[in-house]
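Q: need a 3D model of the sequence below.
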Amino acid sequence: MGIAFAIASLTMVAHYGRAYETRELVCGALLWAGLSVAWYDDGIERRSMLSQVLAQLGVLGLFAVLRRQLMLTTEFWTPEYDVWTSLAVSCCIAGAKQHLARQSREIRVPMMGSLFALPVVAMIWTLIHHLGTDITLVIVGLHSLTFAFLGRDERESPYNMVAIGGFMAFVTILLWNKLHFRFLHAIVIPSGVGVLALLHVSGGRLYQETKDWIRWVTLCAMLGSTGYYALADDRHPIGFNLTMMILCLAAMALGTLLRVRLYLFLGFAGLIVDLCSIVYKVLLRHAHIRMTAVGLLILLLGAFLVVGSVYCKTHREEIEATLARWRARFGTWQ
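A: As a prediction, the model looks like this:
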């Protein structure tokens, strides 16, 4: 079988630029199909993983012969169809996961290896043939959904990690190439969301201090990349401040939902800074109301200090009790 496989491969390579006659095509297709079945049976009999891999290569050889014949004799087949075929194969393997789980390791491992290899091959094929951003988004999006489906029953499944990475890549490609939103946070925010999602999904084995440092660095990178355009660079419009505001509100909501103090505090701090930046930009662009606003701000600040001082002195015990309750509540959070 090894000799026949090698001869079939060399024949296909040597005949790559010429179309087959009908008899040659039928013989070649039957040869590849027979080799695939023979290697599959050999793999089951000898419990050989290599034989199962060669069986899959036999199916690939059959597809390559038929595909090349169509490309040489008709205008029907295009490189886009190769991508759609790979997506269909990935969906079929994912759909057969429960059946594969009952098979022996020699069958299961090569099939799941093909599932992980198909997205890489499809992306390389897309880049080689310059198929564009739309095809790339389809590949990344559908494979991410496929891996998310495979990992739905196990939280720390490697499928979930691949799915999260795929969604990160999908959002980044969408913002960078499709929407032409070519700013630093268009990459940092999706990447940061993916890191935090991975930490939440598969970070159970990490020490709490390690998780806190990962959250701190990731969230600071997200807020810092967004804050650069919103706060440090006056050339950008106020819409960048709105982006930072949404990010801060999302961090606060996530901190409340997951009971993580770091998300809540950093989100709140970023929100306050962003609101101050918005006020500053508005005053900077309207000089005629600047002095009035500054005077009103000083007046309100003075009134707030006076009223706050009086209130703190008259309600000291209530304030201390409220602070104690909040400390006890946040003490149970991460």
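
Q: let me see the domain layout of the chain.
A: 1-77, 79-182, 204-285, 299-334 (automatic domain parsing).

Q: out of these, nearest to G194?
A: domain 79-182 (3.6 Å; Cβ to Cβ). Bear in mind the C-beta positions are built from the backbone N, C-alpha and C, glycine included.

Q: where along the stretch 151-300 of the chain do the helices fall?
A: Secondary structure of the stretch 151-300 of the chain (DSSP state H, counting those that start in this stretch): helices at 158-173, 185-202, 208-227, 239-258, 261-285, 290-314.

Q: helix or strand for the nearest residue to G28 once chain neighbours are set aside, which one?
A: Of all residues not flanking G28 in the chain, V65 sits nearest, at 5.1 Å (Cβ to Cβ, 6 or more residues apart in numbering). Taking DSSP states H and E as the criterion, V65 maps to helix 49-73.

Q: residues in contact with that helix?
A: 5, 8-9, 12, 16-20, 25, 28-29, 32-33, 35-37, 39-40, 42-43, 76-77, 82, 85, 105-107, 109-111, 114 (Cβ atoms under 8 Å, 6 or more residues apart in numbering).

Q: next SSE after that helix?
A: For helix 49-73, the following helix or strand on the C-terminal side (DSSP H and E) is helix 79-95.

Q: quick one: list the elements packing against that following helix.
A: Counting contacts by 3 or more Cβ pairs under 8 Å, 6 or more residues apart in numbering; DSSP states H and E, helix 79-95 is packed against helix 105-129, helix 133-150.

Q: for the first one, buried residues please.
A: Right, helix 105-129. 106-108, 110-112, 114-115, 118-119, 122-123, 125-126 (16 or more other Cβ atoms under 10 Å).

Q: pick the one among those residues closest to W213.
A: P119 (31.3 Å).

Q: so who does the closest one touch?
A: Residues in contact with P119 (Cβ under 8 Å, 6+ apart) are S90, I139, V140, H143, G166.

Q: check contacts around the closest residue in space to the second one that isn't next to it in sequence.
A: Just to be clear, that refers to I139. Spatial nearest neighbour of I139, chain neighbours left out: A122 (4.9 Å); criterion: Cβ to Cβ, 6+ apart. By Cβ under 8 Å, 6+ apart, the residues touching A122 are V83, S86, L87, I139, H143.

Q: if I read this right, the fourth one contacts E80, doesn't it?
A: Think I139. No: with contact defined as Cβ atoms under 8 Å, I139 does not count as touching E80 (11.0 Å).

Q: quick one on the thing from earlier: possible to save the contacts of A122 as JSON lines with distance to R261, neighbour count and pLDDT?
A: Listed next are those as JSON lines, based on distance: Cβ to Cβ, whole Å; neighbours: other Cβ atoms under 10 Å; pLDDT from 0 to 100:
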{"residue": "V83", "distance to R261": "46", "neighbour count": "21", "pLDDT": "91"}
{"residue": "S86", "distance to R261": "45", "neighbour count": "20", "pLDDT": "90"}
{"residue": "L87", "distance to R261": "43", "neighbour count": "18", "pLDDT": "91"}
{"residue": "I139", "distance to R261": "39", "neighbour count": "26", "pLDDT": "90"}
{"residue": "H143", "distance to R261": "36", "neighbour count": "27", "pLDDT": "89"}
